[in-house]
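Q: Build the 3D model from these lines:
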Amino acid sequence: LTAGQNRAWCALVDGQPIAAAGLIDVGGGRRLAWALISPDAGRWMLPLHRTIADHLTVLDHRRIECVTAANFLPARRWAEMLGFQCEGTMRAYCQDASDALMWARVHG
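A: Predicted structure coming up:
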């Protein structure tokens with residue numbers, strides 16, 4: 001799915017979704033990355049990771065941001081593996097009032 005500069009992808013295995021991800025154009029060369037990954041996606045994470053990493057390198061943008069729950073270590077590790085750097089903690093950001101982390105990939 002592509003609408004303007006917004007993009008979204010869905011990964012299917014045997015017709016069942018295991019992941020969805022996308023980028024939202026927030027203007028000024030900035031994009032917000034998001035992903036929803038099924039607990040059943042485990043053995044498919046390497047090809048998912050490679051596909052998403054490839055998409056992040058070919059986009060015309062200045063900055064890509066993503067937010068992870070501060071206490072969800074797998075998301076934090078994946079953000080780092082995708083080349084994001086943690087920029088700080090957003091206190092009481094999540095719906096349950098827990099903290100979140102802001103991550104960014106900045107390109108020259």
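
Q: secondary structure element for the nearest residue to Arg31 once chain neighbours are set aside?
A: The shortest distance from Arg31 to any non-neighbouring residue, by Cβ to Cβ, 6 or more residues apart in numbering, is to Leu23 (4.4 Å). Where you see a C-beta, it was placed from the backbone N, CA and C, and this is true even at glycine. Using DSSP states H and E, Leu23 sits in strand 16-27.

Q: Could you list the paired strands of the helix or strand that that strand is followed by along with their orientation?
A: As assigned by DSSP H and E, the chain's next helix or strand after strand 16-27 is strand 30-37. Here strand 30-37 is paired, per DSSP bridges, with strand 16-27 (antiparallel), strand 63-69 (parallel).

Q: who touches strand 30-37?
A: 5, 18-26, 45, 48, 52, 56, 59, 61-66 (Cβ atoms under 8 Å, 6 or more residues apart in numbering).
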